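Colleague: I would like the atomic coordinates for the input below:
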Amino acid sequence: MERGYEAVGMRDIAEAVGKQPVQVYRLKLSKTDILAELIIELNREQIELIPALCKRVRRTGALDRTCGYLRELYKFDIQYLPIRSVGAAFGWMWSAEQERRVVEQVGQLVTPVVRWMQDAGLEDVQARVVGIWSLYYVGYRDAVIHGGSARDCLKAIKPSLRYYFQ
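Modeller: A predicted model of the protein is given here:
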């Protein structure tokens with residue numbers, strides 16, 4: 001978070017956890033592996049917050065609830081902007097197992113949206129939710145590139161988001 005992914009080496013990581021570099025190297029972990037595990041841990045924390053995030057969304061209607069929920073997710077992600085943005089940049093280097101875990105977590109993160117869409121009687125919910133999650137990352141780019149707030153992120157995607165609720 002402080003120095004950035006590129007500036008931190010395995011020696012720095014070893015030192016931060018009170019180990020000798022050789023001890024870390026014996027684990028056969030790369031910086032990318034450690035980054036993936038950090039992303040997975042952040043996702044786990046976010047998943048644990050789902051009930052609280054949903055309680056903050058006091059709106060009615062699937063679209064309005066989804067917008068409120070995504071805004072809450074953006075707030076969390078923006079707190080960890082340096083990690084999340086690097087995770088997006090280096091995610092292609094993760095192992096198949098790490099990718100599987102992240103995809104599973106994304107499924108958990110979108111569970112409230114799935115439920116709201118089903119309650120609204122919408123068809124093809126799974127396909128709609130995949131599109132919504134793709135839009136989520138488009139909005140998040142606003143925070144990464146322009147230093148946008150959660151509100152800015154949502155504003156960037158809301159016109160397109162509406163199509164998924166028709």
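
Colleague: ok, longest helix in the protein?
Modeller: Determined from DSSP state H, the single longest helix within the chain is helix 125-146.

Colleague: which of the residues in the helix or strand that it is followed by are buried?
Modeller: Per DSSP states H and E, the first helix or strand lying C-terminal to helix 125-146 is helix 150-161. Neighbour-count burial for helix 150-161, counted by 16 or more other Cβ atoms under 10 Å, picks out 150, 153-154, 156-157, 161. C-beta here means a position set from N, CA and C on the backbone, and glycine is covered the same way.

Colleague: Same check on stretch 12-26?
Modeller: 14, 24.

Colleague: before we move on, back to that, could the buried residues of helix 150-161 be laid out in TSV, adding pLDDT?
Modeller: Listed next are those as TSV, based on pLDDT from 0 to 100:
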residue	pLDDT
Ala150	93
Cys153	93
Leu154	93
Ala156	92
Ile157	95
Leu161	95
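
Colleague: hang on, the earlier thing: how far off helix 150-161 does the longest helix of the chain point, in degrees?
Modeller: 140 degrees (axes from the mean of the first three to the mean of the last three Cα atoms, to 10 degrees).

Colleague: just for the protein, where's the confidence low?
Modeller: For the chain, applying pLDDT under 70 flags no range at all.

Colleague: If we use 90, what do you get?
Modeller: 1-17, 19-34, 55-60, 81-92, 138-148 (pLDDT under 90).

Colleague: on that earlier part again, and the longest helix of the chain, what does it pack onto?
Modeller: On a contact count with 3 or more Cβ pairs under 8 Å, 6 or more residues apart in numbering; DSSP states H and E, helix 125-146 meets helix 62-79, helix 81-90, helix 111-119, helix 150-161.

Colleague: ok, 10 Å please
Modeller: With contacts defined as 3 or more Cβ pairs under 10 Å, 6 or more residues apart in numbering; DSSP states H and E, the packing partners of helix 125-146 are helix 62-79, helix 81-90, helix 96-109, helix 111-119, helix 150-161.
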